[in-house]
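Visitor: when you get a sec, could you give me coordinates for this:
(one chain, ligands or ions: 1)
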Amino acid sequence: MSDIIIDPAAFRKVLGSYPTGVCIITALVDGKPAGLVVGSFTSVSLDPPLVGFFPDKSSTSWPLVEKAGHFAVNIMGADQQPVCRAVSAKGEAKFLGVDYVISDHNLPIIANSLAVIECRLYSVTEAGDHWFVLGEVLRMETVREDDPMLFHRGRYGSFAQQI
Ligand SMILES: Cc1cc2nc3c(=O)[nH]c(=O)nc-3n(C[C@H](O)[C@H](O)[C@H](O)COP(=O)(O)O)c2cc1C
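Guide: Residues are numbered from 1 along each chain as shown. I've put the predicted structure just below:
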């Protein structure tokens, strides 16, 4: 245990200064899609090809994805807010109304994602109240080159180029 005391509200406010992209991690469990929205996705290593993200230990969807042993990372476009809102809700109905197909790796691929990265679960490391998950890339594809969905201080937004 650390003896440094950090105020949780200050921690959230300061770290909330940093915007993120938005991905949906998906897996197929007993023939049904499972998954969660993450802002913590990142590229990690080229050799071997690894990507990572941080699921909260309180997530009920992460253990399902972990059990599947494989997952897809669906990178959200700025026009996919309804999908993000549906999948970030808790409960069984989160994929109702979400368009997806099942890939050759048996993973749900969300329609119109900007890009898709299919992974084998590589490692899960404890990281405080989160897990640090690495996936080994099996297949990747850029579907369309449109603007990404961004998230900042609790709001969805999109990219504005500065000239
Ligand atoms: C933009 C955004 C980013 C999020 N990032 C993360 C994340 O990195 N890790 C995480 O565990 N949950 C994250 N969440 C919360 C989960 O998507 C989701 O709300 C939660 O996992 C739903 O509960 P469940 O996992 O029990 O289904 C994020 C939610 C939103 C809207």
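Visitor: can you pull the buried residues of stretch 141-155?
Guide: 143, 148-151 (16 or more other CB atoms under 10 Å). Glycine gets a C-beta too; all of them are placed from N, C-alpha and C.
Visitor: thought residue 125 was touching residue 132?
Guide: Yes - between residue 125 and residue 132 there is a contact under CB atoms under 8 Å: 4.4 Å.
Visitor: those two: which has the busier surroundings?
Guide: Taking neighbours as other CB atoms under 10 Å, residue 125 and residue 132 compare with residue 132 leading, 16 against 11.
Visitor: wouldn't residue 118 be in contact with residue 140 here?
Guide: Yes - using CB under 8 Å, residue 118 is in contact with residue 140, at 7.1 Å.
Visitor: within range of the ligand, give me the residues from this protein.
Guide: Applying CB under 6 Å from any ligand atom, one finds that the chain approaches the ligand through 22, 36-40, 53-56, 59-62, 88, 90, 151.
Visitor: and the helices in the chain?
Guide: 8-15, 62-68, 81-88 (DSSP state H).
Visitor: just put the ones you listed in JSON lines and tack on mean neighbour count, distance to residue 100 and mean pLDDT.
Guide: Shown next, in JSON lines, are the helices of the chain (neighbours: other CB atoms under 10 Å; distance: least, CB to CB, whole Å; pLDDT from 0 to 100):
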{"stretch": "helix 8-15", "mean neighbour count": "9", "distance to residue 100": "31", "mean pLDDT": "96"}
{"stretch": "helix 62-68", "mean neighbour count": "18", "distance to residue 100": "15", "mean pLDDT": "98"}
{"stretch": "helix 81-88", "mean neighbour count": "17", "distance to residue 100": "9", "mean pLDDT": "98"}
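Visitor: okay, residue 118 and residue 140: which has more neighbours?
Guide: When residue 118 and residue 140 are compared for neighbours, residue 118 comes out ahead with 21 against 14, by other CB under 10 Å.
Visitor: list the residues that contact residue 94.
Guide: For residue 94, the contacting residues are 35, 61, 86-88, by CB atoms under 8 Å, 6 or more residues apart in numbering.
Visitor: ok, now with 6 Å
Guide: Applying CB atoms under 6 Å, 6 or more residues apart in numbering to residue 94 gives the contacts 86-87.
Visitor: in the sheet, who's paired with residue 20?
Guide: According to DSSP bridges, the residues that bridge with residue 20 are residue 151.
Visitor: could you find the closest non-adjacent residue to residue 42?
Guide: Of all residues not flanking residue 42 in the chain, residue 52 sits nearest, at 5.6 Å (CB to CB, 6 or more residues apart in numbering).
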